[in-house]
Structures are given as C-alpha cells and as structure tokens.
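Visitor: Here's a sequence, model it:
(one chain, ligands or ions: 2)
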Amino acid sequence: MMIQPLSEDLRNKISAGEVVERPASVVKECVENSLDAGATDITVIIKKGGHHLIQVSDNGAGMSQEDLGASVLRYHTSKIESIDDLFSIDTLGFRGEALASIASVAEMKIVSSNMNHQGAEIIVKNGIASSVAPAPEIGGTEITIRNLFSNTPARKKFLKTPRTEMRKVVDVIRRFGLAYPEVAFKIISDEKEILSVLPESLEERIDALFDPTYSDNLRPVNFSKGDFVFTGFVGNLNLVRSRPSEQFLFLNRRFIKDRLLNSAVYSAYEALVKRGEYPFFVINLIIPADQVDVNVHPMKTEVRFQDEWRVYHVLKSGVKDALQDLLDTLPSFDKPFDSFFQRPSSYDGDPGQSSIQFSGAPMSQNEKEYQTLQRAKSYASQLAEGRENSPTTIPTENIWQIHHKYILSEISSGLVMIDQHVAHERVLFEEALIAFESTSMASQTLLFPEQLDFSPDEFDALLDVLPYLEKIGFKVKKQGDSSIRVEAIPSEMGWGMEKSVIRDIIDHFLNNRKEYSSFQEGLAASFACKAAIKAGDSLTKEEMQELVNRLFATNHPYYCPHGRPIIVQMSLEELDKRFERH
Ligand SMILES: Nc1ncnc2c1ncn2[C@@H]1O[C@H](COP(=O)(O)OP(=O)(O)O)[C@@H](O)[C@H]1O
Ligand SMILES: [Mg+2]
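Guide: Ligands and ions are numbered 1, 2, ... in the order given. Predicted structure coming up:
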C-alpha cells in the first residue's frame, strides 16, 4: 500500500478515540467549554445513559455565527494563540479538538447566541458540517449529541449499561460541582431530574452532592506556602469509606488523577486510616500555570508538575495541620498485631532468628501494614491448622475483659486471649451468610424511624442490595427518589450505625472487589465488620460468655473474615519459660 494522507474525517475519528470514550467524556468536554465560556448555570440532559442523547446547555458567552462554524473544526480554538500560551493555560480546554472529535462519532447540533442577541445553529452529520443558519436567541449555548458511536460499532460495544453510563455522568458532574460551587448544575436522565444544585459555598455544595451530614465531619484545609495556595476540606473518620471514590484533587480547578498526591493526603492521616480505607477530601491546588503542564494527555486529567515532591510535601503537611486535633486526641490504635509478632522472638530467646523481623531497607507505612497483614494471615492459618490439639470449648467461669478490648480466659493448657471485635465479627459474618440462605436475622424496631438520603447512583445500588439488607435484619421503606426510612435494624447492631453499615454494603456492591469468594460473603463481611462490637465497648461477664460460646459454634473461630487472628493462646509451658521456671 502507498503512504497516503488520512482524510479529515478519519483523522477526527482517530483522535476521537483519545477524547471521547463514553457519554461521560462527551459531557466532560461540553461542560468544560461551558465553564470556559463563563457559564453560571449548566444543564445536562441524557437519555438512555447518553446512548441516545446528550444535551448540554449553558448561559455562557456563546459564539458568533463565524465562530460557530469554526468551533467544530479540528485544532480550532479561541483559547490559545501561540506556543507561549501553552505554558500559562487558564482555561479548561485549549486543544481545539473536542467538538470535532465528538462530531466525528455522533450527530451533533449546536445552537448558540452571544452578546449580539442573534442566534445561529450548525448541524454535523456523518462528519459533514452544514452551513451555519440563523436560529432563535437562547442566551448561551446548547449542544445536542445523538446516537453516539453509531458509526463506529466497535467503540459502541465498549459502552456499559445505560445505568452504569448514567452513574459515570453523575461522577463527572459531581467533580465539576465541587470545583465550581458558584455554578448551578442540573442533570436530567430519562426525563427525571437526578441532580440539581444551586450556587453555594463549597461546604454547602459538599452536603448537596453527598448528604447533609458531611459538613459536620469536615475540617477546612486552607494554607499557602510560597506561590502555592491549597484550599478545600478533608473528612474526619466518619467519612472514611472502603471504596476509593470520594477523593477529589483539583489543580487550578481542573480535576486531576495523581496517585502520588493522593498518597500525600492518605499519609497525613497516619495510623488513623488503614490499608483499604479511604478518607474523604476535596482539595484545590492553586499553583502558577507555568509550573505545571496539563498538556500530557488529550483527556487532560493527567498533569505534570515542575516539582512534584515539593507539592507532595506541602500538601501532606497542610492536611496534617487540618487533622492535628484528630491525630492528637485519638487513642493510638496503630500496630494492632505487634503483640503477637513479638511473641516468637521472645520465646526463642533469639530475636535475630525470628522470621518476623522487618528486614533490610526502611519500609513505608503502607508496606509495613501490608506485611503485617500478610503475617497475620499466615499466623492465623497456622493456628487454624493446629486446631486438633486446641480447645474447642472454653470454660467460661473464669473470664475477664481487659482494656475493654480483649477477653481473657483460663483453659486447661494455659490461657487464651480473644479479640472481642473480631470474635463478634466472625459470629455475625457466619450468621449473615446463613440468613441469606434461609430465615432472616432478628430485628429491633426503631422507636423513631430514621430517614437516610443517598446520591442517585448510590440509591440505585441500594435498590439492588435491599433484599440482602432485609435478610440481615433491616426493615426499610423506599421514600421518594433517593431516600429510605429505616424502621428496624439488626438486633445486634448498635444504634446510629445504620447509615455507615448500609453505606459500606453499597460500597462493597459498587466496588465489586474480588477478595471474597462470593458476593454474599463480601456483603456479610462488610456488615459484620461494621456491626460488631468495637474495642472500647465494655462487656458483662454474661455477654462475654455468650460471645465465646457463639464464637466456638462458628466454622472458623480462629480467624476473622479479613484474615486477622481472633484467638491467641499461651500455654503453661510458654508461661513457665517466660518466668524462667525451667
Ligand atoms: N459552550 C460553549 N460556549 C461558547 N463557546 C464554545 C462552547 N463550546 C465550544 N465553544 C467554542 O468552540 C471552540 C472549540 O471547542 P473545543 O473543540 O472543545 O476546543 P477547546 O475547548 O479546546 O478550545 C472553543 O475554543 C470555543 O471557542
Ligand atoms: Mg473544549
């Protein structure tokens, strides 16, 4: 074949692959344009998750007839003129390719009117633009996209269900909503309004986009260092989730994905959050435009910093300041496994030989925690294997609680120590699994039913997990389009936990992680973990006895669903050795 130039249409289709992945990316590009045009009111309408129709309308500056014709041509932009401008970008767009790309993979119609009070419209079909025609004045711009990817079936195949695509559109608008709280946003999906926010403060916006309890759990981030200014909010421990989905980092109000900087925020929480737990944050990094490069990828969510480590350190210390009182006042519950990791080395009297010494180079906190968890798992399975010669029941006359955290009991061969939280977790886990298969778990009716509000996408997931919630003892009524009334809760669960338990279950559902062998196991585990008694809860003797008996009625009393040990034993032999009673 001879080398030939690609046609304009084909060039557009190829670059469309980089910009237009799915309805949500179309929405993102259009809303960026609206914001760049100074809009303060933006409405997104989608049908069938955007498969059929996407419409974005704004009250921004609009376009002249002439600009309207140019706007759909590739590499045509009003935002930069020279190479120098590329290093001082203060608009969200600048590559001049989004509209051309979208038009190449869908049917597009733009109506726009600017200061001159005269409207104009253009239609692009099969990559061919009509001439610009007069249209009514609309005080901004309205862009309508139909039949996305209908001329590129290979791409269409990658689209998910309308519901999933709708969720992704909501995600996109939520990000803009957090970066631009002074702008009103609305989403209408299949004729239903699923999100609507008015101009407000960032704190109010967070409540509006998540739920009204968020603002009670936020700490402001507000600091500057040299030419950096970082502002926003970080959540306290009530907003820690088990799904990484509520971490929002903006660079000069552009949503960015940056693992290093996310980890700067996580590490500021120190031991307050564990692996697999994700705190909430919304932080806008204001950094002079000439110190960043946003032109790394057509989607513009990846960026490069002149000095990323400086940003890292400034961010980390800023978040730490915001969390200082939390870090100071919370009991230190780090290194939960230390107690038994020291065990082998003290028995052997030879710490150097111990298999559990941290070896070699210093490790990051995350690596340490990971190793710790791995060791815990292998220790737990050793314990489980050696089950034959261990007690299957524990006489419970002599039983004590220490530090409101561990249960201590004498057994014939020595003593056992039980972690009350993981013990209860194991019990609830197995009971929930049984309940899914047969009769529901017991409920306690709430004297004052509680209303819980959810975001549209969460509510959607909630409907899917409702049958399971009922099995474990929740009694729930749907109320409106995004709320439920909780009338009863599992009888073993503490009051006031309902929201976080339900949340966690939804997270698990949306997350779809493969760490459990079945979906039900994952649900049961997240329920058990949240609903179980905590370290710090005091127990009566009867409660301890009951817990221990139920623990030994489970299939796996020795380790919890996450692999942490429940029981640590110490034989008389070991005790004697420690006291040098040879
Ligand atoms: N909603 C809008 N309001 C006003 N002008 C718009 C709007 N959408 C697009 N434009 C104009 O069309 C041009 C091309 O848009 P686009 O293809 O997204 O490229 P870019 O945003 O990178 O410049 C923009 O530079 C802008 O002048
Ligand atoms: Mg653009």
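
Visitor: hang on, isn't residue 300 packed against residue 252?
Guide: No - with contact defined as C-beta atoms under 8 Å, residue 300 does not count as touching residue 252 (11.6 Å). C-betas here are computed from N, CA, C, even on glycine.

Visitor: Please say which of the two ends up with more neighbours.
Guide: It is residue 300, of residue 300 and residue 252, that has more neighbours when counted by other C-beta atoms under 10 Å, with 22 against 18.

Visitor: what about residue 421, which helix or strand?
Guide: helix 420-437 (DSSP states H and E).

Visitor: ok, residues contacting the helix or strand just after that helix?
Guide: Later in the chain than helix 420-437, the nearest helix or strand by DSSP H and E is strand 443-453. The contact list for strand 443-453 (C-beta atoms under 8 Å, 6 or more residues apart in numbering) reads 211-212, 473-475, 479, 482-491, 495, 498-499, 502.

Visitor: per-domain residue ranges of this structure.
Guide: 8-199, 204-329, 335-351+369-582 (automatic domain parsing).

Visitor: Where among the ones you listed is average confidence lowest?
Guide: Comparing mean pLDDT across the domains of the chain, the weakest is domain 335-351+369-582, with a mean of 77.

Visitor: so how far is that one from its chain's centroid?
Guide: 23 Å (C-alpha atoms, centre = their mean, to the nearest Å).

Visitor: coming back round to it: any idea which of the domains of the chain gets closest to residue 2?
Guide: domain 8-199 (15.7 Å; C-beta to C-beta).

Visitor: sec struct for the residue in the stretch 251-400 of the chain positioned nearest to ligand 2, please.
Guide: With C-beta to the ion, the shortest gap between the stretch 251-400 of the chain and ligand 2 falls at residue 300, namely 9.2 Å. Here residue 300 takes the coil state, with states given by DSSP: H, G, I helix; E, B strand; the rest coil.

Visitor: dump the residue contacts of it.
Guide: 92, 95, 254, 294 are the contacts of residue 300 under C-beta under 8 Å, 6+ apart.

Visitor: Let me see the contact set for the spatially closest residue to the last one that is not a sequence neighbour.
Guide: Counting by C-beta to C-beta, 6 or more residues apart in numbering, residue 294 lies nearest to residue 303, which is 5.0 Å off, once chain neighbours are set aside. With contacts defined as C-beta under 8 Å, 6+ apart, the neighbours of residue 303 are 251, 254, 256, 258, 292-294, 296.

Visitor: ok, stretch 34-49 near ligand 2 or not?
Guide: No - shown here: stretch 34-49 not in contact with ligand 2 (C-beta under 5 Å from the ion), separated by at least 6.7 Å.

Visitor: Among the contacts of residue 300, name the ones in strands.
Guide: Judged by DSSP state E, strands contain the following of those: residue 254.

Visitor: Identify the farthest-apart pair in the contacts of residue 300.
Guide: Spanning the widest gap among the contacts of residue 300 are 95 and 254, at 13.3 Å by C-beta to C-beta.

Visitor: more neighbours, these two?
Guide: Shown here are residue 95 and residue 254; by other C-beta under 10 Å, residue 254 has more neighbours (21 against 18).

Visitor: Not counting its neighbours along the chain, what's nearest the more buried one?
Guide: Using C-beta to C-beta, 6+ apart, the nearest residue to residue 254 is residue 92, at 6.0 Å.

Visitor: quick one: the one you found and ligand 2, what's the gap?
Guide: 7 Å (C-beta to the ion, to the nearest Å).

Visitor: Tell me who's in contact with that residue.
Guide: Residues in contact with residue 92 (C-beta under 8 Å, 6+ apart) are 32-33, 35-36, 253-254, 300.
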